[in-house]
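In: What shape does this take:
(one chain, ligands or ions: 1)
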Amino acid sequence: NEGALWGGRFAGGPADALAALSKSTHFDWRLARYDIAGSRAHARVLHRAGLLDDAELAGMLDALDRLDADVTSGAYTAAESDEDVHGSLERGLIERAGTHLGGKLRAGRSRNDQIATLGRMFLRDHARIVARGVLATVDALVAQAEAHPEAAMPGRTHLQHAQPVLLSHHLLAHAWALLRDVQRLQDWDRRAAVSPYGSGALAGSSLGLDPEAVAADLGFDSAVHNSIDGTASRDVFAEFAWVAAMIGVDLSRISEEVILWATKEFSFVTLDDAYSTGSSIMPQKKNPDVAELARGKAGRLIGDLTGLLATLKGLPLAYNRDLQEDKEPVFDAADTLELLLPAVSGMVATLVFNTERMASLAPQGFALATDIAEWLVRQGVPFREAHELSGAAVKQAESRGVELWDLTDEEYAAISPALTPEVRTVLSTEGSLASRSAQGGTAPSAVARQLTALKAQLADA
Ligand code: ARG
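Out: Residues are numbered from 1 along each chain as shown. Below you'll find the predicted structure:
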């Protein structure tokens, strides 16, 4: 078993079945450049601790540079006999630096602290890429909101007509959720910015190495305070997977609406050709596949999170080989979002809204009934009674197959003398919208202030 990282106490090599099971180079190879960065930092602390002399450090760094170049160019790749990225790169280092010098680098570190550190480095980089993708989607929502400042639509609860709202208000509701996801990634980074390097296998190192120096070298804020925690914990991975799943869920909720809005029955939006697909048999079809794939991939992202949590549940401290299963879920979560976000932001940016149809439906289905009740409250009627009276107006309109504004003055007066013709001032979409002008409301004035507040947080994100 030439080149393996262990074997001294074994009489023979591993069974083929074990070697195949154990192997992780097909997915951990993407950590190769982080591994080499870790090796450079580790060489420097070995030097500072007096375990490498100046010439050895220079030789080590030179060999690592050459290895890095060969990994980048593809000239050096994992061999069939390599178990994982760490072992393979040690083989590559020894090929370049010789057995004597190359064999010195492993002192005071373990694959257990390496992998925990490299995973965090990878995820910190990808969290930034994902955050940029989410911000692009927020930008697309904001641009659509700004392009439709006064457009009304039916606001729904239980998917039933509830009250008129501004389209911009609705779109910004999605924007706030996604902005919080970006803020979550940024807050997560404070916990991810702690380096496990120096924890060794689990107990720390006896060689006088400085974990804080390695941490700083690798762009971390600090080093872990507990080597067992450093090697055994994966909550930082799981938290990343949770935020990724939440982003997936938030994108899925936008997508579900786009799918509904694009139906013949709703006819609220037209998808741009570049973000829709056709059917191989039905020539007329224009399908919202981006939105459907977003909805589908939310399930996959939830699976990544639950799979990882299931792996962690019940693991005793410290490192267990089960932890090798930590990487594929978080890699998949990052890859999935990096693929998905540009498509969703493009789809949102190019949606064409049928604002006339949305506005004409906004007050329908008795969506102004709450406005009648609140108008009565402003006339001094207790809300319990106002609710009843407005409900009676709905009943009357429904029995005649008309809308609330079609009832005559006499019909209103017959329900209650409090329902004077003045009530008609609130029986319009514009009147209803304008009245909800407090912070968070759907009045155009309130939504304008909302947009300012959102942009201020976006500027900080
Ligand atoms: N490849 C392992 C992982 O991904 C790291 C190696 C630790 N292996 C071990 N036998 N201690 O977790």
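In: buried stuff in the helix or strand encompassing residue 139?
Out: For residue 139, the host element (DSSP states H and E) is helix 111-147. Judged by neighbour count using 16 or more other Cβ atoms under 10 Å, the buried positions of helix 111-147 are 111-124, 126-127, 130-131, 133-142, 144-145. Every C-beta, even on glycine, is put in place using the N, C-alpha and C of the backbone.
In: How about stretch 68-83?
Out: Under the neighbour-count criterion of 16+ other Cβ under 10 Å, stretch 68-83 has 68, 71, 76, 78, 81-83 buried.
In: possible to save the residues you listed as CSV with secondary structure?
Out: Compiled in CSV, those are given as follows (DSSP: H, G, I helix; E, B strand; the rest coil):
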residue, secondary structure
68, helix
71, helix
76, coil
78, coil
81, coil
82, coil
83, coil
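In: quick one: contacts for the residue in the stretch 101-250 of the chain that the ligand sits nearest to?
Out: Using Cβ to the nearest ligand atom, the single residue of the stretch 101-250 of the chain nearest to the ligand is residue 111, 3.5 Å away. Shown in contact with residue 111 (Cβ atoms under 8 Å, 6 or more residues apart in numbering): 5, 84, 86-87.
In: most surrounded residue in these?
Out: Neighbour tally across those (other Cβ atoms under 10 Å): the maximum, 26 neighbours, falls on residue 86.
In: So that one lies in a helix, does it not?
Out: Yes: counting by three-state DSSP, residue 86 is part of a helix.
In: how close does residue 418 get to the ligand?
Out: According to Cβ to the nearest ligand atom, to the nearest Å, residue 418 and the ligand sit 73 Å apart.
In: how deep is residue 372 tucked in, by neighbour count?
Out: So residue 372, with other Cβ under 10 Å, has 26 neighbours.
In: still on that earlier bit, relative to the whole chain's centre, how far out is the helix holding residue 139?
Out: 7 Å (Cα atoms, centre = their mean, to the nearest Å).
In: Now for whichever residue of the stretch 201-350 of the chain sits closest to the ligand: which residues touch it?
Out: Closest approach between the stretch 201-350 of the chain and the ligand, counting by Cβ to the nearest ligand atom: residue 324, at 3.7 Å. Contact partners of residue 324, counting by Cβ under 8 Å, 6+ apart, are 24, 84, 115.
In: Intersect those with the contacts of the ligand.
Out: Counting by Cβ under 6 Å from any ligand atom, 24, 84, 115 from those sit close to the ligand.
In: Hmm, the second one is touching residue 28, no?
Out: Yes: applying Cβ atoms under 8 Å, one finds residue 84 in contact with residue 28, separated by 5.5 Å.
In: any idea how far residue 11 is from residue 325?
Out: 29 Å (Cβ to Cβ, to the nearest Å).
In: the more surrounded of those two?
Out: Ranked by neighbour count (other Cβ under 10 Å), residue 325 and residue 11 place residue 325 first, with 15 against 5.
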